[in-house]
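# predicted model and sequence below, questions to follow.
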Amino acid sequence: MTSFLVALVGALSMATTGNDDARGPQGKYAGNCTDAGCHAEYTKRAVVHEPAGAGSCDACHEEKNPGSHDFSMASAEPDLCLDCHDEEDFEGEVVHRPLADGKCTVCHDPHGSPNKSLVKMPVEELCLSCHKEIAEGKNFLHGPVAVGACIVCHDAHASDHPALLTAANRELCLTCHTALATKLTTSAHKHAPVLEACDSCHDPHGANNRFNLHSAPTELCLDCHDDIAEIMDEAEVQHGALSTKRSCLSCHDPHASNPEHLLTQQPMELCLSCHNQELKSGEDTLGNIDGMLSSNPSHHGPIQEKDCSACHQPHGGDHFRLLVEDYPKKFYAPFDLKSYSLCFSCHEADMVRDAQTDKLTNFRNGDQNLHYLHVNRKVKGRSCRSCHATHASSHPKHITDSVPFGQWQLPVGFRKTATGGSCSPGCHRPYRYDRDKPVVNGVQPTDADLDP
Ligand code: HEC
Ligand code: HEC
Ligand code: HEC
Ligand code: HEC
Ligand code: HEC
Ligand code: HEC
Ligand code: HEC
Ligand code: HEC
Ligand code: HEC
Ligand code: HEC
Ligand code: HEC
Ligand code: HEC
Ligand code: HEC
C-alpha cells in the first residue's frame, strides 16, 4: 500500500513533466531517485529495466535546472530507446505500426514490469488489447492463438516477411506440424495449393469451421474445382459418395497421398470400401461388388488392372450407372451401335455388325455370327448383360451364371467346348454352336425363338 502511494505521488509529480512549475520534492534534493519514500517501487518490480535499476534515471530524464526536480525527456521516443538499443533490431520490410509511429512505451514500461520483456501486460493480453478481432466471434481457435501465443508466429517489432511473420508463412506452419511436413516429403502426390500456402484453406487464427477451414470442406474444394461443381450440379446420375458427410474427403486427402489423384487408398480398394455391401440407389438395390469379386475368380480385364474408373465416373455423369460411355439400361434394347459405346471403346465393334463372319467373333456357328443374331435386332436386341457378367464371373469368357429378368434370375447354363459351346438358358431351349462343324439347322434359335 505504501509503495502504491509512493508511486502515485511520484506519478503525480512527474505528470507535469515539461511544466515549469516544479512540484514534488524540494529543490536541491541530494539523494538518489530510488531512495525510500521516492521512486523505490520501480526497482522492486519483478523485471526491472537495467538503467532504472542502476539508478541511471538521467539516461532518460533530464533535470531542466540543476536541483529544480523539474524534468524533461532526454530525447523523444524512439530515439530515447535507440540511444542504447540497436536500431537494426527494429528494422525490416514490415514494421509494426506502433513502432513505426515511434511508440515503444505503448507496450513497454520504461522502468519495470511484472512481465517478461517489460511489457505492460502479459503478452497473451497485450496483442489482443489492440487486435480484439483476431479471436472474436470464431467457434474454433488455432491452438497457439487460443493461448494468446501470438509471438510464436509474429515478431512484435518488425520482420522481412509479410504480416510480421517470424518465418515464411508455410514454413512457419510446418515447423510445428511436423507430421504433415513428413507426409509432404514422403508422399508421391501433393496437392498444388498445399505447396503454395496453407492459408488458402486454413485461417491461421481461427474460424467457424473445424480445422479452421475458411468454409466447410466440400464448399472449400468446389470453390477452386468448379468443373467438379458443374458435374455435381448437372449430372443426371449422381454418386451417393459425394453426398455423404465427408463427401470429397471420403476419397481424397486434402494434402498429399501415395495413390494418384490424392486418393486416400488405392483406387479399387477405395471403391470397394463402400461397395462391400448392397447399397440403395433410388428404387434399385445395387449388388455387393466386393463380395461378387471375391466369389468370382475370373475378373474382367480393367478390374484385373484395378481400374474401376475405366468404366465409371466417380463424381457423377450422364450415363446409366455412372458409366463413362453409353450402355443400355435394360435386358432388351433396340440395336444402336452408339448405345454400346462403353464396350466398344475397348472391344471391336465389328463383332456385332456382320451377320456372317469367319473371324470377327468366336461366338458363331460356322460363319453365322451369334453376337449379331442376339444383339443386332431392331426391337428386342439382347444387351451384353444377358450373357456376360460385367465385373467378374466363374465361367470362361465372362459368361454369367444367370441374368435378372424382371423378378426372376434366368439361369444361363453355359458350357464351353474347344470349338464352340452350349447354353440351356431360361430364354429358350438348349442350343449348341460350333465354329468348325456348324450345328445343323433346326437346333439353332430362329427369329421366332428370339422375338417371342
Ligand atoms: C529508459 C528511459 C527511462 C529511464 C531510465 C527512466 N525513466 Fe522514468 N520515464 C520514462 C518515460 C518514457 C516516461 C513517460 C511515461 C510513459 O510513457 O510510460 C517516464 C515517466 C516517469 C515518471 C512519471 C510517472 C510514470 O511512471 O509514468 C516518473 C516519476 C519517472 N519516470 C521516474 C523515473 C525514475 C525515478 C527513474 C530512475 C529510477 C526513471 N524514471 C528512469 C523513461 C525512463
Ligand atoms: C541507457 C541505456 C538504455 C536506454 C536509454 C534504454 N534501454 Fe532498454 N535496456 C538497456 C539495457 C542495458 C538493458 C539490459 C540488457 C539488454 O537486455 O539489452 C535493457 C533492456 C531492455 C528490455 C528487455 C528487458 C528484459 O528484461 O527482457 C526492454 C524491453 C527495453 N530495454 C526497452 C527499452 C525501451 C522501450 C526504451 C525506451 C523507452 C529503452 N529500453 C531505453 C539499456 C537502455
Ligand atoms: C506492440 C508492442 C511493442 C512495441 C510497440 C515495442 N515492443 Fe519491444 N517487445 C514487445 C514484446 C511483446 C516483446 C517480447 C518478445 C518476446 O518475448 O519474444 C518485446 C521485446 C523487446 C525487447 C527485448 C529483446 C527482444 O527483442 O526480445 C527489447 C529490447 C524491446 N522489445 C525494445 C523495444 C523498443 C526499443 C521499442 C521501440 C523502438 C519496442 N520494443 C516497441 C512488444 C513491443
Ligand atoms: C497499441 C496497439 C497495438 C498493440 C498492443 C499491438 N498492435 Fe499490432 N498493430 C497495431 C496497429 C495500429 C497495426 C496496423 C493496423 C493496420 O494497418 O490496419 C497493427 C498491425 C499488426 C499486424 C499486421 C502487420 C502488417 O503489416 O501486416 C500484425 C501481424 C500485428 N499487428 C500483430 C501484433 C502482435 C503479435 C501484437 C502483440 C505482440 C500486437 N500486434 C500488438 C496496433 C497494435
Ligand atoms: C500460427 C501462427 C499465427 C499465430 C499464432 C498468430 N498469427 Fe496472426 N497471422 C498469421 C498469419 C500466417 C497471418 C497472415 C494472414 C494471411 O496471409 O492471411 C497473420 C496475420 C495477422 C494480422 C494481419 C491482419 C490479418 O488479420 O490478416 C494480425 C493483426 C494478426 N495476425 C494478429 C495476431 C494476433 C493478435 C495473434 C494472437 C492472438 C496472432 N496473430 C497469432 C499467423 C499467426
Ligand atoms: C507454434 C506451433 C504452431 C504453429 C507455428 C502452427 N500451428 Fe497449427 N496447431 C498448433 C497446435 C498446438 C494445434 C492444436 C493441436 C491439437 O489440438 O491437437 C494446432 C492445430 C492446427 C490445426 C488443426 C485444428 C484442429 O482443430 O485440430 C490446423 C488445421 C493447423 N494447426 C494449421 C496450421 C497452419 C495453417 C499454420 C500456419 C499458418 C499453423 N497451424 C502453425 C501449433 C502450431
Ligand atoms: C486445399 C486446402 C488445404 C490446404 C492448402 C491445406 N489444408 Fe490442411 N486441411 C484441409 C482440410 C480439408 C482438412 C480437414 C481434413 C479432415 O477433415 O480429414 C485439413 C486438416 C489439417 C490439419 C488437421 C488434421 C491433420 O491432418 O493433421 C492440419 C494440422 C493441417 N490441415 C495443416 C495444414 C498445413 C500446415 C498446411 C500447409 C502446409 C495445410 N494444412 C494446407 C485442407 C487444406
Ligand atoms: C485454392 C484452390 C484449391 C482448393 C481450395 C482445392 N484445390 Fe484441389 N487443386 C487445386 C489445384 C491448383 C490443383 C492442380 C491443378 C489441377 O490438377 O487441376 C488441384 C488438384 C486437385 C486434385 C487432382 C490431383 C491429381 O493429381 O490429379 C484433386 C483430387 C483435388 N485437387 C482435390 C481437392 C479437394 C478434395 C479439395 C478440398 C479439400 C480441393 N482440391 C481444394 C486447387 C485447389
Ligand atoms: C467416390 C470417391 C470420390 C469422391 C467422393 C470424390 N472423388 Fe474426386 N476423384 C476420384 C477418383 C477415383 C479420381 C480419379 C479419376 C479418374 O481416374 O478418372 C478423382 C479425381 C479427381 C480430380 C482430378 C481429376 C479430375 O477429374 O478433374 C479432382 C480435381 C477431384 N477428383 C476433385 C474432387 C472433389 C472436389 C470432390 C468433392 C466434391 C471429389 N473429388 C469427390 C474419386 C472421388
Ligand atoms: C468394364 C467396365 C466396368 C468396370 C471396369 C467396372 N464396372 Fe461397374 N458396372 C459396369 C456396367 C456396365 C454396369 C452396369 C451393369 C448392369 O446393369 O448390367 C456396372 C454396374 C456397377 C454398379 C451397380 C451394380 C448393380 O448391382 O447395379 C456398381 C456399384 C459398380 N458397377 C461398381 C464398380 C466398381 C466398384 C468397380 C471396380 C471394382 C467397377 N464397377 C468396375 C461396368 C464396369
Ligand atoms: C463413401 C462411399 C462410397 C465410395 C468410396 C464409392 N461409392 Fe459408389 N456409391 C455409394 C453409394 C452410397 C451409392 C448409392 C447411391 C447412388 O446411387 O449414388 C453408390 C453408387 C454407385 C454406383 C451406381 C450409381 C447409380 O445410381 O446408378 C456406381 C456405379 C458406383 N457407386 C461406383 C463407384 C466407384 C467406381 C467407386 C470408386 C471410384 C465408388 N463407387 C466409390 C458410395 C460410395
Ligand atoms: C476399358 C476397356 C474395356 C471395356 C470398356 C470393356 N472391356 Fe471387356 N475386356 C477388356 C480387357 C482388357 C479384357 C481382357 C482381355 C484378355 O484377358 O485378354 C476384356 C475381356 C472381355 C471379355 C472376355 C474376352 C475373352 O476373350 O476372354 C468379354 C466377354 C468382355 N470383355 C466383354 C465386355 C463387355 C460386355 C463390355 C461392355 C459392358 C466390355 N467388355 C467393356 C477391356 C474392356
Ligand atoms: C446371347 C449371349 C451373348 C450376348 C448377348 C453377347 N455375347 Fe459376347 N460372347 C458370348 C459367348 C457365348 C462368347 C464366347 C464365344 C466362344 O469363345 O465360344 C462371347 C464372347 C465375347 C467376346 C470375346 C471375343 C469373341 O467375340 O469371341 C467378347 C469381347 C464379347 N463376347 C463381347 C460382347 C459384347 C460387347 C456384347 C454386347 C454388345 C456381347 N458380347 C453380347 C455370348 C454373348
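Received the coordinates, thanks. Ligands and ions are numbered 1, 2, ... in the order given.
# what residues does the protein put near ligand 13?
For the chain, the residues in contact with ligand 13 under the definition C-beta under 6 Å from any ligand atom are 340, 343, 347, 351-352, 361-363, 371, 374-375, 382, 384, 386-388, 397, 399, 416, 420-421. Yep, even glycine has a C-beta here, placed from its N, CA and C like the rest.
# try 8 Å
The interface of the chain toward ligand 13, taken as C-beta under 8 Å from any ligand atom, is made up of 340, 343-344, 347-348, 351-352, 360-363, 370-371, 373-375, 382-388, 396-399, 414, 416-417, 420-421, 423, 433, 435.
# just the buried ones from these, in ChimeraX syntax?
In ChimeraX, this line selects whichever of the residues of the chain next to ligand 13 come out buried by 16 or more other C-beta atoms under 10 Å:
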select :340,343,344,351,352,360,361,363,370,371,373,374,375,382,383,384,385,386,387,388,398,399,414,420,421,423,433,435
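# get me the contact residues on this structure for ligand 12.
Residues of the chain found near ligand 12 (C-beta under 8 Å from any ligand atom) are 300-302, 304-305, 307, 310-311, 324-325, 327, 340, 342-347, 362, 384-385, 388, 390, 396-399.
# just want the phi and psi numbers for residue 164.
The phi/psi pair for residue 164 (degrees, to the nearest 10) reads phi 60, psi 20.
# what is the neighbour count of the closest residue in space to it that isn't next to it in sequence?
Closest residue to residue 164 apart from its sequence neighbours, by C-beta to C-beta, 6 or more residues apart in numbering: residue 154 at 4.6 Å. A total of 19 residues lie near residue 154 under the criterion other C-beta atoms under 10 Å.
# okay, and which of the residues of the chain next to ligand 13 map to helices?
The members of these that map onto helices under DSSP state H are 343, 344, 370, 371, 373, 374, 375.
# adding distance to residue 184 and pLDDT, write the residues you listed out as TSV.
Shown next, in TSV, are these (distance: C-beta to C-beta, whole Å; pLDDT from 0 to 100):
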residue	distance to residue 184	pLDDT
343	42	98
344	43	98
370	56	95
371	52	97
373	58	94
374	54	94
375	51	97
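# with distance to ligand 9 as added columns, please give those residues in a markdown table.
What follows is those, written out as a markdown table (distance: C-beta to the nearest ligand atom, whole Å):
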| residue | distance to ligand 9 |
| --- | --- |
| 343 | 19 |
| 344 | 20 |
| 370 | 34 |
| 371 | 29 |
| 373 | 36 |
| 374 | 32 |
| 375 | 28 |
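# quick check, nearest of the residues you listed to ligand 3?
Using C-beta to the nearest ligand atom, residue 343 is the member of those that sits closest to ligand 3, with 68.4 Å.
# which residues are in contact with the closest residue to the closest one other than its chain neighbours?
Spatially, and ignoring its direct neighbours in sequence, residue 343 is nearest to residue 384 (5.9 Å; C-beta to C-beta, 6+ apart). Residue 384 makes contacts with 340, 343, 375, 390, as judged by C-beta atoms under 8 Å, 6 or more residues apart in numbering.
# ditto for residue 314
If you count contacts by C-beta under 8 Å, 6+ apart, residue 314 has them with 239, 241, 251, 322.
# which ones among the residues of the chain next to ligand 13 are found in strands?
For the residues of the chain next to ligand 13, membership in strands holds for 416, 420, 421, 423, 433, with DSSP state E as the criterion.
# hmm, which of those residues is lowest in pLDDT?
Across these, no position has a lower pLDDT than residue 423, which has 89.
# check the contacts of residue 384 and tell me the two furthest apart.
When those are compared pair by pair using C-beta to C-beta, the two farthest from each other are 375 and 390, 15.0 Å apart.
# in which helix or strand does residue 277 reside?
In the assignment (DSSP states H and E), residue 277 maps to no helix and no strand.
# find the nearest non-adjacent residue to it, please.
If you skip the residues right next to it in sequence, residue 277 has residue 288 as its closest partner in space, 5.4 Å away by C-beta to C-beta, 6+ apart.
# what's the spacing between the one you found and ligand 4?
Separation of residue 288 from ligand 4 (C-beta to the nearest ligand atom, to the nearest Å) stands at 55 Å.
# which residues touch that residue?
So, once contact is read as C-beta under 8 Å, 6+ apart, residue 288 ends up touching 275, 276, 277, 278.
# let me know the closest of those to ligand 10.
Within these, distances to ligand 10 taken as C-beta to the nearest ligand atom reach their minimum at residue 275, with 4.5 Å.
# tell me the contacts of that closest one?
By C-beta under 8 Å, 6+ apart, residue 275 lies in contact with 286, 288, 289, 290.
# pick the one among these closest to ligand 12.
Nearest to ligand 12 among the contacts of residue 275 is residue 289, at 14.6 Å by C-beta to the nearest ligand atom.
# need phi/psi at the residue lying closest to that closest one once chain neighbours are set aside.
When the adjacent residues along the chain are set aside, residue 289 lies closest to residue 275, with 4.2 Å between them (C-beta to C-beta, 6+ apart). Residue 275 has phi and psi values of phi -90, psi 50 when expressed as degrees, to the nearest 10.
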